[in-house]
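A.B. asks: here you go, sequence then predicted model.
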Amino acid sequence: MRKIALVTMAAAFAVASFTGPTYSEVLSLRGASSPDAAATMFDKKKQKTMKGGFERAWKTQPPTIPHSIDKDRITLRDNSCLSCHSAANFKKEKAPKVGDSHFVAADGKKLQDISKRRYFCNQCHVPQVNAKPLVENIFEGAKK
């Protein structure tokens, strides 16, 4: 009995004296700075532009955006992407038309207007930037 009490006290002392790692021992992508330290402003990367778009990495990947979207706005009432990519404007603007899959409701019925599930374009379609990868990437994508 006395031996168990002694082991329990030694364990409690060891836990109480352990203070854990210090911030200088914790390494992350942002370095060894404290999470409480003031953040430094990052360099905003410039979006890549490419006539004709970018190659897709896999067959069903949503196309990436080959132009700047800094001034584009998508709200509940307005979607500026549709000023170029809608069925009414795409030929005049020489832009790709919104995909037919965007005019299908969740129950499979064809719609006259874009499905509410597909209205917020930048949930799937993303611009490209000239950023250096944070980690090594050996992904090769789909072979055509």
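C.D. replies: Ah, there it is. Residues are numbered from 1 along each chain as shown.

A.B. asks: so for stretch 81-101, what gets flagged as buried?
C.D. replies: Judged by neighbour count (16 or more other Cβ atoms under 10 Å), stretch 81-101 contains these buried residues: 81-82, 84-86, 98. C-betas here are computed from N, CA, C, even on glycine.

A.B. asks: between which two of the residues you listed is the distance greatest?
C.D. replies: Greatest spacing in the buried residues of stretch 81-101, by Cβ to Cβ: Cys84 and Val98 (9.9 Å).

A.B. asks: shared neighbours of these two, anything?
C.D. replies: Phe90 (Cβ atoms under 8 Å, 6 or more residues apart in numbering).

A.B. asks: quick one: the closest residue to Ala106 other than its chain neighbours from Ala105, how far?
C.D. replies: Residue nearest to Ala106 in three dimensions, not counting chain neighbours: Arg117, with 6.3 Å by Cβ to Cβ, 6 or more residues apart in numbering. Look at Arg117 and Ala105: by Cβ to Cβ, to the nearest Å, they are 8 Å apart.

A.B. asks: what does Phe139 give?
C.D. replies: Distance from Phe139 to Ala105, by Cβ to Cβ: 34 Å.

A.B. asks: out of those two, which sits in the more crowded spot?
C.D. replies: Between Phe139 and Ala105, Ala105 has the larger neighbour count (other Cβ atoms under 10 Å), namely 12 against 6.
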